[in-house]
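Undergrad: what's the 3D shape of this:
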Amino acid sequence: MTSPALDTLLARIVESGLLEDPIAENGLVYGRASIDAAGTVVNVNVDPELDEHGDDVDHDALIAAVSRILAVGESRWRAVIDEVATDIDDAVDDEPVVEQIDLRDDLEATSVVVFADAVLLAFLAPKQFPDSRILVQLDEELDVDGVEVRELDGSETIDVETLDELLDHISGPDEN
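TA: So this is what the prediction gives:
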């Protein structure tokens with residue numbers, strides 16, 4: 001069973017034509033779409049954060065956020081890729097990588113989670129980080145707000161309802 005807000009979001013997304021065969025379940029609307037600047041088709045999850053907002057969802061903001069990431073210009077996309085590669089290169093410094101190639105050429109966008117005020121991109125880098133997934137948070141202007149490399153060991157699956165829950169999970173336990 002879905003909520004009226006989720007049903008309305010699904011109807012709006014279907015009407016917009018942004019996602020291929022969108023489905024609403026588990027508090028999300030999801031489907032596939034092309035990010036032309038990346039030259040790839042990705043899974044897109046639209047999270048109206050029903051736990052936080054109830055049925056008071058800003059459908060226009062979510063549709064605009066989906067549209068913004070799917071229509072990102074090539075120069076903005078390259079800037080995101082450059083910043084992600086630089087952040088990771090700086091972080092791993094002298095750590096061994098599987099294959100020495102420019103990370104910019106290895107990053108493959110696989111999925112997008114869209115919130116009204118942020119976007120979370122997931123990348124694979126099969127040559128340099130074959131056992132990892134790279135998560136990149138973008139703000140409303142599609143500027144990089146955070147980068148994390150996570151192991152893809154297949155042993156952990158998480159189910160989060162809000163961006164805050166996701167950020168709390170990926171940042172680890174509090175040190176207080």
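
Undergrad: Tell me the secondary structure at residue 37.
TA: Classification of residue 37 by DSSP: H, G, I helix; E, B strand; the rest coil places it in helix.

Undergrad: how far away is it from residue 60?
TA: 23 Å (Cβ to Cβ, to the nearest Å). For glycine as for every other residue, the C-beta is placed from the backbone atoms N, C-alpha and C.

Undergrad: neighbour count winner among the two?
TA: Ranked by neighbour count (other Cβ atoms under 10 Å), residue 37 and residue 60 place residue 37 first, with 19 against 10.

Undergrad: ok, for that one, nearest residue in space, not its chain neighbours?
TA: Nearest non-adjacent residue to residue 37, counting by Cβ to Cβ, 6 or more residues apart in numbering: residue 77, 3.7 Å away.

Undergrad: Please give me every residue in contact with the one you found.
TA: The contact partners of residue 77, taken as Cβ atoms under 8 Å, 6 or more residues apart in numbering, are 35, 37, 38.

Undergrad: export the residues you listed to a markdown table and tack on distance to residue 23 and pLDDT?
TA: Formatted as a markdown table, the contacts of residue 77 follow (distance: Cβ to Cβ, whole Å; pLDDT from 0 to 100):
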| residue | distance to residue 23 | pLDDT |
| --- | --- | --- |
| 35 | 20 | 96 |
| 37 | 25 | 95 |
| 38 | 23 | 94 |
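
Undergrad: Closest one of those residues to residue 55?
TA: residue 35 (30.0 Å; Cβ to Cβ).

Undergrad: Verify the stated contact: that closest one with residue 111.
TA: No. If you go by Cβ atoms under 8 Å, residue 35 and residue 111 don't touch, sitting 10.6 Å apart.

Undergrad: list the residues that contact both of the two?
TA: Common contact partners of residue 35 and residue 111 (Cβ under 8 Å, 6+ apart): residue 42.

Undergrad: Low-confidence stretches in this structure?
TA: The chain contains residues with pLDDT under 70 at 1, 92-100, 153-176.

Undergrad: Sketch out the helices for it, chain order is fine.
TA: 4-16, 50-53, 59-70, 74-92, 103-106, 163-171 (DSSP state H).
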